[in-house]
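Novice: How does the following fold in three dimensions:
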Amino acid sequence: MTGESLSAAATRLHEATGMTAGNGSLTRTAPVALAYLNDPQALVRAAHDVSSLTHHDSEAGEACALWCLAIRHAVLHGTLDGLRLAVPDLPTARARVWSTRLVKAEAGPPSTFDRNGWVVQALQGAWSAITRTPIPARSPERHLQLALEAAVRGGGDTDTVAAIAGGLLGARWGAGAIPEGWIYLLYGWPNMNATDLSTRPSASPALTDSHGAQIDHSNAFCVRRTGPCAGMRLPAATSGLARRRCQRGCRRNCSNHRSQDDESR
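Specialist: Residues are numbered from 1 along each chain as shown. Next comes the predicted model:
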């Protein structure tokens, strides 16, 4: 099976039913943004191509491209306004359509969009949850948790709407904003939990201590995947909460820290 054969099948389905604007492609295209951070034009093309593998309708492709541009903007600039900034780049008529849709999303709760199996209302439900959930002043990273809870409480196709919202929220707030209780429940193939997934050799670059020496953290767990030790070089933008979680998680799971603790006793 090839991309061409998948797209052809999606086209035939669209021609037969006119119904290929479901929310599935929007759920899975978020990683496209990470592959094209330096090329927004290529990002748009790739998002449309990935969407068309299963969803021929142009509405699905537009939604995927817009959401991926928003994710790209959040990664590069640390704000959630990328979706609004992307809309004017559409053809004039389509820009008006999407601008109206976003206004409606910002005006009503996620439950307003009860036809969220449709890609448009799935995006509106996710955007509603994100924009209508206040960002806590003291712990702004909690916005991720609160907005995702709002997306789920909107009803309907809740797992999909929350997954869509999570792609953008994660790009904005980072993995350190994910509640630890959620992470500990995470499992992946083959028979891996969050700790296993985060410590796979390909999951992160080599880690170094404050002197530049590489450290073996084969047993470590870091919610940011950037190195949990107190002596690690975490990104400057890493929040205090994320740093504490990294240090706490490493104390609990890292063989290096365990051995250091034993020596200090």
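Novice: Need phi/psi at the residue lying closest to residue 118 once chain neighbours are set aside.
Specialist: Spatial nearest neighbour of residue 118, chain neighbours left out: residue 21 (6.0 Å); criterion: Cβ to Cβ, 6 or more residues apart in numbering. For glycine as for every other residue, the C-beta is placed from the backbone atoms N, C-alpha and C. Main-chain torsions, residue 21, degrees, to the nearest 10: phi -110, psi 40.
Novice: Just to check, residue 21 is in contact with residue 121?
Specialist: No. Using Cβ atoms under 8 Å as the test, residue 21 is too far from residue 121 to be in contact (10.1 Å).
Novice: in the chain, which residue is closest to the centre?
Specialist: Centroid-nearest residue in the chain: residue 167, 2.0 Å away (criterion: Cα atoms, centre = their mean).
Novice: so what's that one up against?
Specialist: 30, 33, 67, 71 (Cβ atoms under 8 Å, 6 or more residues apart in numbering).
Novice: Can you point out the buried residues in the helix or strand containing it?
Specialist: For residue 167, the enclosing helix or strand under DSSP states H and E is helix 158-173. In terms of neighbour count (16 or more other Cβ atoms under 10 Å), helix 158-173 has its buried residues at 160-173.
Novice: do the same with stretch 6-24
Specialist: Of the residues in stretch 6-24, 7, 10, 13, 14, 20, 21, 22, 23, 24 count as buried by neighbour count, 16+ other Cβ under 10 Å.
Novice: Over to stretch 115-127?
Specialist: So for stretch 115-127, counting by 16+ other Cβ under 10 Å, buried means 116, 118, 119, 120, 121, 122, 123, 124, 125, 126, 127.
Novice: Stretch 74-90 too?
Specialist: 74, 75, 80, 82, 83, 84, 86, 87, 90.
Novice: mind listing the strands for this structure?
Specialist: Ranges of strands within the chain are 187-188, 192-193, 207-208, 214-215, based on DSSP state E.
Novice: Pull up the distance across stretch 130-140, start to finish.
Specialist: Counting by Cα to Cα, to the nearest Å, you get 13 Å between the two ends of stretch 130-140.
Novice: Then stretch 135-149?
Specialist: By Cα to Cα, one end of stretch 135-149 lies 13 Å from the other end.
Novice: Contacts only, for residue 59.
Specialist: By Cβ under 8 Å, 6+ apart, residue 59 lies in contact with 21, 119, 120.
Novice: Of these, which is the nearest to residue 186?
Specialist: For the contacts of residue 59, the residue nearest residue 186 by Cβ to Cβ is residue 119; the value is 26.2 Å.
Novice: sorry, back to before: residues in contact with the residue nearest to residue 118?
Specialist: Remark: with contacts taken as Cβ under 8 Å, 6+ apart, residue 21 is in contact with 55, 57, 59, 60, 118, 119, 120.
Novice: Just list whatever residues bridge to the fifth one.
Specialist: For residue 118, the residues forming beta bridges with it (DSSP bridges) are residue 22.
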